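> Fold the stuff below for me.
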Amino acid sequence: MKVVRIVIAALLLGPPTAIGGTGAELYNEFMDSDALYPDPKWQEYIDELGQKLLSHSKDAGQEYHFFVLDSPEVNAFATADAYIFVNRGLLAYMGSEDMLAAVVGHEIAHVVARHPDKQRTSGLLSSGIGLLALALTGRVETLQAADAVTRTMIMGYGRDRELEADEIGAQIIARAGYNPLATIEAVHVLKDQELFSKDVANQPRSYHGLFATHPQNDKRLREVVSYALDMLPETTEEPSEVFWELMDGLSYGSDSSIGVNSDNVFYDKTIRIAVEFPKGWDVNFNRQSVLGRAPMGRNEAWINVVRTTPEEFESPSAYLKDTLRVAGIESETTIDIEDCCQVHLAELSIEGTNKKRSLIALRIKGSDVYVVRGEAGPRGDFDKLQEDLLTTIAGIRNLQVEDMQKAVTKRIQVIVAKPGDTYEKLAEQSSLRNYPTETLRLINGHHPHGEPRAGDFVKTVK
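Prediction:
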């Protein structure tokens, strides 16, 4: 049963669209897959902040749960049963506790207004679909909880409900002593991040809340925030230093405790394995699988790699059919990859989808069996898919010395800006490889042309 459980949790073979199940179920999945950010101080901090805000809402006294996920995606979301998750990827863009309070307050507001109850979502946890068969056929592109670790994307609730959450959230944070104008600051910073990722880095990642339905100068948003200003208490506490203390050392980007991806290569630090995809491919990973997408995205092709450790292994064909229960196998063959290994390759038929062709392959490496699934989309070429799939399989290797140097986790470092500091100068000392100057401006809220001010805290990446 061990390998079956691994495959159920891991073989997400297409980008997600929605999350199903309750927050309690999601939390259990996150715990089982070590998906919570492994820093107890951050977990304690986000819970204390959330509980403080909750005490100033209509749900004061209700049971809410707040957690940080170890995901680079810029996102946060809430479930109907009051579980609120904030990705560490979003934390990196926060410039103050007030801004973070604005995000958490917005998510509390969704629950207070019962938006998750009204927005019916579906997913694998709450369905009667056979998870293993679904994962291996890839016929339904929904998000299973285990993959929400790195790719959590909740659809927005529509303009009116998002504005309602903005209004309620701004009032909550104001009553708690936080500046509601931080809501607008968060809108600007996260909107800049979204537009930069989409237009420059070609990696669209967006947080559904706050800016999802608002342009940066939205009149209605400014009106609800201005109204909340009157709810600030006469005296407020001094800003806490804990926020900046925790920000210093926060894991940054796709790096995590399990691995790092750089360009088209994923480096797994836990088992000391590298997975190299074809040049130009975009790579993402979670604790169970590594997903590569062709330069034109999944409409061209994608390849997913999962490592399994079966207790029994009779033959590649039996493993596919009996253990993994792969359906739609049209043909099977054995291929020898020069200077590498022998691979068992099967072609699959997929009916009723816009995917052209699909392949699944097994590579045996020691006691491990790597399950590699690939599909050519409407704009892809099947022969090229097979070539790229075999290239990826050949790219599964033990970490070398030079690989270990690339597998160092990037972290936020907080410094005090000095006179004459510029983001271009700071970028020269950063470990960021792509768009370092622009990235530093983004995470510090100074996009597109701002510079550090002497004496201010500034985030760099080391």
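> and Thr333, how many neighbours does it have?
10 (other C-beta atoms under 10 Å). (C-beta placed from N, C-alpha, C; glycine too.)
> For the closest residue in space to it that isn't next to it in sequence, list each beta-bridge partner.
Of all residues not flanking Thr333 in the chain, Leu345 sits nearest, at 5.4 Å (C-beta to C-beta, 6 or more residues apart in numbering). Judged by DSSP bridges, the bridge partners of Leu345 are Thr333, Ala361.
> Test my guess that Leu345 contacts Asp336.
No: using C-beta atoms under 8 Å, Leu345 is not in contact with Asp336; the gap is 11.0 Å.
> Compare the two (neighbour count), which wins?
Leu345 (20 against 9).
> What residues does that one make contact with?
Leu345 makes contacts with Glu332, Thr333, Thr334, Ile335, Leu359, Ile360, Ala361, Gln386, Leu389, as judged by C-beta atoms under 8 Å, 6 or more residues apart in numbering.
> Low-confidence regions, the protein specifically.
1-21, 118-157, 201-217, 255-258, 351-356, 404-408 (pLDDT under 70).
> Which parts of it belong to which domain?
2-247, 259-405, 412-461 (automatic domain parsing).
> So His188 belongs to a strand, correct?
No: assessed with DSSP: H, G, I helix; E, B strand; the rest coil, His188 is helix; it does not lie in a strand.
> In this structure Leu232 contacts Ala174, no?
Yes: when contacts are counted by C-beta under 8 Å, Leu232 is listed as touching Ala174 (5.0 Å).
> between these two, who's got more neighbours?
Using other C-beta under 10 Å, the more surrounded residue of Leu232 and Ala174 is Ala174, with 26 against 16.
> contacting residues for that one?
Applying C-beta under 8 Å, 6+ apart, the residues near Ala174 are Pro180, Ala228, Leu229, Asp230, Met231, Leu232.
> Out of the contacts of Leu345, which is nearest to Gly249?
Comparing the contacts of Leu345 against Gly249 with C-beta to C-beta picks out Leu389 as the nearest, at 38.7 Å.
> Which strands or helices does the helix or strand where Asp383 lies pack on?
If you go by DSSP states H and E, Asp383 is part of helix 382-394. In this structure, helix 382-394 makes packing contacts with strand 301-308, strand 329-337, strand 341-348, strand 357-365, strand 368-376, judged by 3 or more C-beta pairs under 8 Å, 6 or more residues apart in numbering; DSSP states H and E.
> Can you check which of these gets nearest to Gly420?
When the helices and strands packed on helix 382-394 are compared (using C-beta to C-beta), the closest one is strand 301-308, at 46.2 Å.
> Report the buried residues of the closest one.
Across strand 301-308, burial judged by 16 or more other C-beta atoms under 10 Å covers Ala301, Trp302, Ile303, Asn304, Val305, Val306, Arg307, Thr308.
> Quickly check those residues for the two that are furthest apart.
For the buried residues of strand 301-308, the farthest-apart pair by C-beta to C-beta is Ala301 and Thr308; their separation is 22.6 Å.
> Which stretches in the stretch 51-200 of the chain count as helices?
88-91, 97-112, 115-118, 131-137, 148-151, 159-175, 182-199 (DSSP state H, counting those that start in this stretch).
> which other helices and strands contact the third one?
In other words, helix 115-118. helix 159-175.
> Flag every buried residue along the helix it packs on.
Buried residues in helix 159-175 (16+ other C-beta under 10 Å): 161-175.
> Equivalent analysis for stretch 190-203, please.
Under 16+ other C-beta under 10 Å, the buried positions of stretch 190-203 are Leu190, Lys191, Asp192, Gln193, Glu194, Leu195, Phe196, Ser197.
> go on, stretch 397-414?
Neighbour-count burial for stretch 397-414, counted by 16+ other C-beta under 10 Å, picks out Leu399, Asp403, Lys406, Ala407, Thr409, Lys410, Arg411, Ile412, Gln413, Val414.
> For the residues you listed, give me CSV that also has distance to Phe457.
Shown next, in CSV, are those (distance: C-beta to C-beta, whole Å):
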residue, distance to Phe457
Leu399, 36
Asp403, 34
Lys406, 29
Ala407, 29
Thr409, 22
Lys410, 18
Arg411, 15
Ile412, 11
Gln413, 11
Val414, 5
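> Go through those residues and say which is closest to Pro40.
Distances from Pro40 to these, taken by C-beta to C-beta, are shortest for Arg411, at 16.8 Å.
> Dig out what the residue lying closest to Leu359 once chain neighbours are set aside forms beta bridges with.
Nearest non-adjacent residue to Leu359, counting by C-beta to C-beta, 6+ apart: Gly374, 5.0 Å away. Beta bridges link Gly374 to Ile303, Leu359, judged by DSSP bridges.
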